[in-house]
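S.K.: Sequence and computational prediction follow.
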Amino acid sequence: MKRIGVIGGGAWGTALAAVAARAGRTVTLWARETDVIESINDRHENRRFLPGIPLEHSIRATADLNETADADLLLLVTPAQHLAETTALIAEATDCTVPAVICPKGIERRTGALMSEAVRRVAPDMPIAVLSGPTFAREVADGLPAAVSLACEDARMGGAVVEALGVPAFRPYLTDDLIGVQIGGAIKNVIAIAAGIAIGRGLGDNARAAIVARGFAELVRLAVAKGARMETLAGLAGLGDLVLTCTGDQSRNFSFGRAIGSGTTPKAALDSSEAVTEGHESAPAVVTMASGLGVEMPIVSAVHAVLHRGASVDDAIGGLLSRPFKPEAGAGR
């Protein structure tokens, strides 16, 4: 896996391109935006999505999807809601048996599909892995230490991907639990919006800690009901990513929630940023999935009500605080 194709020129795609280049790989990055392509090729910087971070000169950007897909390994780093559409284009134009790593964290809003399910729907012959974990793109691109989960059912392929991307400051930990890694990555975004709302409303760090803990319980309930393993959820892609996203100011989902808690409408908060807020799109799909599995998720449901049902922040908070008292019996309750 010497030639890496990165599909997506946002902050996370650019950061992963930087990781692959540091690992000594030849990297071609596909982006839709002309200014991103020109900035990477001419200035060796993604001024639009990662300003101020110098990139290896070996990273080349292009608008040619076929050229990028002519690789030994693909990193699929489009927004979650566009992953299937972009993968279908790759499958139509190229040999879709090239191994691919799914990198967005979300659930398909229209179908309720996990990212792996969305890719398999349009490219059933594509060997896949899923990468997730506690990572801010700017820190990864800057070469600061990070650890991630890499889920792959084929141990041989997983080992090859670890060898291709692993460097001392970017440490992939291999697992075969695709469901756990994906559920953890998707739901933590919704919980982070709740944590941001609490901080924006001035409810304090105690409230945020309670949201992290009880949000983790909700995440575990749904993931286990879908077939995930508890040890995965207690690791990097579950608890690790949840803590980072609920406490770090770099988190788009946390910042989005904080703006809403401070009085900004969800639409205005979305419009104020070019970055994708995956938790906003995943919330309806998570609620639907939980309902189908008979899983109770009060925090996620409250976030969904504020974002998509017109509920006020104060009513959503009041509803959570007025819930009946009950014993705490582990994360799964």
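M.R.: Sure, I can see it. What you are looking at is a predicted structure, and each value in this text was computed from that prediction instead of being measured.
S.K.: Now the nearest residue to Asp177 once chain neighbours are set aside: which helix or strand?
M.R.: Nearest residue to Asp177, sequence neighbours excluded (Cβ to Cβ, 6 or more residues apart in numbering): Thr232, at 4.2 Å. Where C-beta positions appear, they are placed from N, C-alpha and C, glycine not excepted. Here Thr232 is covered by helix 230-233, with elements defined by DSSP states H and E.
S.K.: counting contacts, what elements does that helix pack onto?
M.R.: helix 178-200, helix 205-226 (3 or more Cβ pairs under 8 Å, 6 or more residues apart in numbering; DSSP states H and E).
S.K.: So, low pLDDT: which residues of the chain?
M.R.: 329-333 (pLDDT under 70).
S.K.: Domain map for it?
M.R.: 3-176, 180-321 (automatic domain parsing).
S.K.: of the ones you listed, which approaches Glu328 most closely?
M.R.: domain 180-321 (8.6 Å; Cβ to Cβ).
S.K.: First-to-last residue distance for the closest one?
M.R.: The straight-line separation of the ends of domain 180-321 (Cα to Cα, to the nearest Å) is 29 Å.
S.K.: Repeat that for stretch 6-26.
M.R.: Terminal-residue distance, stretch 6-26 (Cα to Cα): 11 Å.
S.K.: Now tabulate the helices and strands packed on helix 230-233 in CSV and tack on distance to Ala93 and mean neighbour count.
M.R.: Below are the helices and strands packed on helix 230-233 laid out as CSV (distance: least, Cβ to Cβ, whole Å; neighbours: other Cβ atoms under 10 Å):
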stretch, distance to Ala93, mean neighbour count
helix 178-200, 26, 29
helix 205-226, 33, 20
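S.K.: looking at the ones you listed, which is closest to Met289?
M.R.: Of these, nearest to Met289 by Cβ to Cβ is helix 205-226, at 6.7 Å.
S.K.: got the contact list for that closest one?
M.R.: 179-180, 183-184, 187-188, 191, 194-195, 198-199, 230, 232-233, 238-239, 242-243, 246-247, 286, 289-290, 293-300, 330-333 (Cβ atoms under 8 Å, 6 or more residues apart in numbering).
S.K.: try stretch 87-97
M.R.: 7, 65-66, 69-70, 74, 76, 100, 118-119, 122-123, 125-127.
S.K.: chain center to that stretch: distance?
M.R.: 23 Å (Cα atoms, centre = their mean, to the nearest Å).
S.K.: returning to that earlier point: put together CSV for the helices and strands packed on helix 230-233, with distance to Ser132 on each row.
M.R.: As requested, the helices and strands packed on helix 230-233 are exported to CSV (distance: least, Cβ to Cβ, whole Å):
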stretch, distance to Ser132
helix 178-200, 4
helix 205-226, 12
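S.K.: ok, which stretches of the stretch 201-333 of the chain are helices?
M.R.: 205-226, 230-233, 241-247, 252-261, 266-271, 278-293, 298-308, 313-321 (DSSP state H, counting those that start in this stretch).
S.K.: Just say which of those is most tucked in.
M.R.: helix 252-261 (a mean of 25; mean count of other Cβ atoms under 10 Å).
S.K.: Select from the contacts of stretch 87-97 every entry located in helices.
M.R.: 65-66, 69, 118-119, 122 (DSSP state H).
S.K.: okay, those in TSV with neighbour count and distance to Val224 next?
M.R.: TSV is the format used below for these (neighbours: other Cβ atoms under 10 Å; distance: Cβ to Cβ, whole Å):
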residue	neighbour count	distance to Val224
Leu65	18	38
Asn66	12	41
Ala69	21	36
Ala118	25	22
Val119	25	23
Val122	18	28
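S.K.: For the residues you listed, work out which two are farthest apart.
M.R.: Farthest apart among the ones in helices among the contacts of stretch 87-97 - using Cβ to Cβ - are Asn66 and Ala118, which lie 21.4 Å from each other.
S.K.: any idea how far Ala61 is from Thr86?
M.R.: Per Cβ to Cβ, to the nearest Å, Thr86 is found 16 Å from Ala61.
S.K.: So between the two, which is more surrounded?
M.R.: Ala61 (26 against 20; other Cβ atoms under 10 Å).
S.K.: Tell me the bridge partners for the more buried one.
M.R.: Beta-bridge pairing of Ala61 under DSSP bridges involves Leu29.
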